[in-house]
Structure formats: C-alpha cells, structure tokens
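S.K.: when you get a sec, could you give me coordinates for this:
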Amino acid sequence: MSFSSNTSNLLHLNPTVAPTSFKLDGTNYLGWQSQFLSFLNINDLLGFVEGSELIPEKTNVDGTTNAAYTVWYKKDQALLGLILSSISPNLVASFYG
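M.R.: Numbering: from 1, shown residues only. Take a look at the predicted model:
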C-alpha cells in the first residue's frame, strides 16, 4: 500500500461498527475469521494484521511530521477499534488483563 500526504485517502472506518455480523466469543472463531478476513481484504487492511504493512518513519529528515505516518497511524488505530468492537467483552478483558 502506498501512502500519500493527502489525508483524504484515509479510510473512513467507524470503530463503533463491527465488520462482522456477530462477535467473536471463543466458540465461533472460524465464522468470525472468515467474515473479518473478507473485511480486511476488501479494505486493503490485511497487511496491518499480517505485519506486511510497513510503519513509515514518524518524522521526515527535516524534523517535520511525516504525513504517511499520520495516515498509517490513523488506519492502525481505526482497525484496532474495529477488532475490539468485534470481540465479546469477556475476550477483550482477557487481552488487557
């Protein structure tokens, strides 16, 4: 995925709306996974989960904020919100203690 300094390229992901029709509860992983992977593929976000989406440098050589990093960070945080919103509260609690 290439980055542009134009933030209009940001996906408008709503972290309060889950991309699956049901929450992962520990008994329904295969169905949840198939829906979530489809969502990731359609929105070109699979690399964030697989680790192939490289994190751009936070700042440019001149010390200014790298716009590509800002775009990456916003997508990363929106995706985290979507993942958490698609998992049952009990499972989320187990991730965070």
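S.K.: mind listing what's buried along the strand or helix carrying Lys74?
M.R.: Using DSSP states H and E, Lys74 maps to helix 67-85. Buried residues in helix 67-85, counting neighbours by 16 or more other CB atoms under 10 Å, are found at 68-72, 75, 78-79, 81-83, 85. C-beta coordinates here come from the backbone N, C-alpha and C atoms, glycine included.
S.K.: please name every helix or strand in contact with that helix.
M.R.: If contacts are counted by 3 or more CB pairs under 8 Å, 6 or more residues apart in numbering; DSSP states H and E, helix 67-85 sits against helix 46-50.
S.K.: quick one: buried residues of the helix it packs on?
M.R.: So, applying 16+ other CB under 10 Å, buried residues of helix 46-50: Phe48.
S.K.: neighbouring contacts of that helix?
M.R.: Residues from elsewhere that reach helix 46-50 (CB atoms under 8 Å, 6 or more residues apart in numbering): 1, 37, 40, 52-53, 75-76, 79.
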